[in-house]
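Enquirer: 3D model of this:
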Amino acid sequence: MSYQAEFEQALRDPEGFWGEAAGAIRWTRAPQQILDDSRAPFYRWYPDGELNTADNCLDRHVEAGRGDVTALIHDSPVTNSQQRYSYVQLRDAVAKFAGVIRNQGVEKGDRVIIYMPMIPEAVIAMLACARIGAVHSVVFGGFAGAELAKRIDDATPKLVLSASCGIEPTRIVEYKPLLDRGLELAEHKVERCVIFQRETQRCELTPGRDLDWTDALADAEPADCVPVAATDPLYILYTSGTTGKPKGVVRDNGGHAVAMHYSMRAVYGLGQDDVFWTASDVGWVVGHSYIVYAPLLLGCTSVMYEGKPVGTPDAGAFFRVIAEHKVDVFFTAPTAFRAIKKVDPNGELATQYDVSSLRALFLAGEHTDPDTARWAGEKLNVPVVDHWWQTETAWPMSANPLGIEQLDVPPGSAGRPVPGYDTHVLAPDGEEVSHGEMGDICVRLPLPPGCFPTLWQNDERYESSYLEQFPGYYRSGDAGYLDADGNLWVMSRVDDIINVAGHRLSTGMIEEVIAAHADVAEAAVVGAADADKGQLPVAMVVLKSSATRGGQEIVAELVAHVRDQIGPVAAFRHVAIVERLPKTRSGKIVRATLREIADGKDWTTPATIDDPAILTEIEAQLGHIGYAKRRAS
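Expert: The predicted structure is shown next:
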């Protein structure tokens, strides 16, 4: 079936389409009703179905004779080690650890917080919760205690699973003090923790509360899979909220399993004999979906990487992993390739590795500028697919669907809406805008299976945050446009559309122009308040290591390029050359904080930031160009 035919079938007959897709999943009670719309806008997929997600990820593959197939490869350059788990080995490890969780009094529907680094035990913990019907909430390992406490109070877990430390290229992150602080600050009191001791650095256990992971396993009996309703929650994943209180995105079991399996075939073009590597972290939705659940639901091999794109040991790390594990499809954030390009602009390290196994590179997390996509595609010699999705959806909303049909998608576009998503671009009054015109990217309800049905214990916030502004639609919070060929261009968050003297401009468009300069590794543009024009664009630019000319000369060229390609209406003249851009651990630039700094406002360090010192450096740089300082006065 062609892309257009599959897309139209999903729009015309969603219940028939997703009923057929559900046939790929093993149900303990097959759903007779596909969609329940009786409580719209709170739609439910497969409301009378029953299954177990861990059973679908592991047991059914073992029973189908694929137990010896490699399920998980853990590649850890920071510890100079690798581990492999076959499907039967991973099933047995999960069943045994599910017994540990059960021994701590955790039952179906109870919550468990997982606060761990990128190690196989984190995957085992997630699947063990799913096996007994417990709801897991993974919190990124190393999160500050105060942020961990917020998630503990919202999820009210019965148990916390953690590890002694995380390992970064230049430091050891002790988890136990952060965990202790989070438990101390939380109003909800957790009585028991299970701690995995890493040999790199062990920790002291708190008597009466903490159990050693290995000791707990010794006393545990394997647990069987517990069937749950398709509409029961599989996990809660917290995403930032504008009020300071994190939003708990709920993922159900049935719709999630169907959507994950479908996306592996349709979007990524993968089969059971393939190796899929997603360079993310299980603390983020990308890690949930495409390190753990989707690859294992399909039955292929998933690579889990504990390292960085550069520095573990060098900018050839990604190419080494692809070559060594014969990766078929690779998925990462564009910022990773910007980091590689900055250190090794000519891609010399890439030539040391045979990456011929690779069929495609997928990028997501931030808008991919065409220059970065072009560079990555040349070094890997594969199609580069920039696709778009969110924590709330769990799987791609737009892509070049390689498993259905490879489309002619122009560089810079996030592809076509994936079958199941009825995507529209709306003006502030709710009317659809013309092709090529910027607006709010929205999806007509109901969202397809796999997308969040609500927020944890907060239906009201779910409606007010996502559904209220455009009734009948999910508001993504991203801005962009659809071109005449149906390609979606996701340019920035809605908050990053700036108004310069009455002209609405995308900061993403300005970033694209800047990133195309031969000496630029990456850039971030934010709008800063201006008394005369309302807002003005301010750029922070990181130069490639190969750049030899003075910064002022490059700045002049960047200003000229933006004027030439976007026009004088952008009023672009403020550029700060910086050493690094401030990013979250998932690689996203903290643009909201940058806006506050550019405006000279009081700002706080985001909990998710990778290196807080960068923000102080940025503030000083913006002061040097005379903008933040003038605004502050």
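Enquirer: who does the longest helix along the chain touch, helix- and strand-wise?
Expert: Criterion DSSP state H: the longest helix present in the chain is helix 87-103. If you count contacts as 3 or more CB pairs under 8 Å, 6 or more residues apart in numbering; DSSP states H and E, helix 87-103 packs onto strand 70-76, helix 120-131, helix 213-218. To be clear about C-beta, it is placed using only N, CA and C from the backbone, and glycine gets the same treatment.
Enquirer: relative to Arg320, which of those is closest?
Expert: Nearest to Arg320 among the helices and strands packed on helix 87-103 is strand 70-76; the distance by CB to CB comes to 9.0 Å.
Enquirer: the closest one to helix 87-103, inter-axis angle?
Expert: 80 degrees (axes from the mean of the first three to the mean of the last three CA atoms, to 10 degrees).
Enquirer: show me what strand 70-76 is packed against.
Expert: So strand 70-76, by 3+ CB pairs under 8 Å, 6+ apart, packs with strand 81-86, helix 87-103, helix 120-131, strand 301-305, helix 317-325.
Enquirer: where does the residue nearest to Ser492 when sequence neighbours are not counted fall, phi/psi-wise?
Expert: Spatial nearest neighbour of Ser492, excluding adjacent residues (CB to CB, 6 or more residues apart in numbering): Gly508 at 4.1 Å. Main-chain torsions, Gly508, degrees, to the nearest 10: phi -60, psi -40.
Enquirer: I'd like the numbering to begin with 197 instead of 1 from here.
Expert: Shifting the count to begin at 197 puts that one at Gly704.
Enquirer: since we're on Gly704, how many residues are nearby?
Expert: 22 (other CB atoms under 10 Å).
Enquirer: and it, how close does it get to Phe768?
Expert: As judged by CB to CB, to the nearest Å, Gly704 and Phe768 stand 14 Å apart.
Enquirer: the closest residue to Gly263 other than its chain neighbours: how many residues sit nearby?
Expert: Distances taken as CB to CB, 6+ apart put Val284 closest to Gly263, at 3.5 Å, once the chain neighbours are dropped. Neighbour count of Val284, defined by other CB under 10 Å: 17.
Enquirer: any idea how far Val284 is from Pro491?
Expert: For Val284 relative to Pro491 (CB to CB), the value is 16 Å.
Enquirer: alpha carbons only: can I get stretch 503-519 in PDB?
Expert: Extracted in PDB, the C-alpha atoms of stretch 503-519 (Å, rounded to 0.1, in the frame of the first residue of the first chain):
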ATOM      1  CA  GLY A 503      28.200   7.400  26.400                       C
ATOM      2  CA  LYS A 504      28.300  10.600  24.500                       C
ATOM      3  CA  PRO A 505      28.600  11.600  20.800                       C
ATOM      4  CA  VAL A 506      32.000  13.100  21.600                       C
ATOM      5  CA  GLY A 507      34.400  12.500  24.500                       C
ATOM      6  CA  THR A 508      33.800   8.800  24.900                       C
ATOM      7  CA  PRO A 509      36.500   8.700  23.700                       C
ATOM      8  CA  ASP A 510      36.200  10.900  20.600                       C
ATOM      9  CA  ALA A 511      33.900  12.200  17.900                       C
ATOM     10  CA  GLY A 512      34.000   8.800  16.100                       C
ATOM     11  CA  ALA A 513      32.000   7.100  18.900                       C
ATOM     12  CA  PHE A 514      28.700   6.900  17.000                       C
ATOM     13  CA  PHE A 515      30.400   5.500  13.900                       C
ATOM     14  CA  ARG A 516      32.200   2.900  16.000                       C
ATOM     15  CA  VAL A 517      28.900   1.600  17.600                       C
ATOM     16  CA  ILE A 518      27.200   1.400  14.200                       C
ATOM     17  CA  ALA A 519      30.100  -0.600  12.700                       C
END
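Enquirer: follow-up on the earlier one: where does the residue nearest to Gly263 land on pLDDT?
Expert: If you check Val284, the pLDDT there is 98.
Enquirer: surely it and Asp264 touch.
Expert: Yes: between Val284 and Asp264 there is a contact under CB atoms under 8 Å: 6.9 Å.
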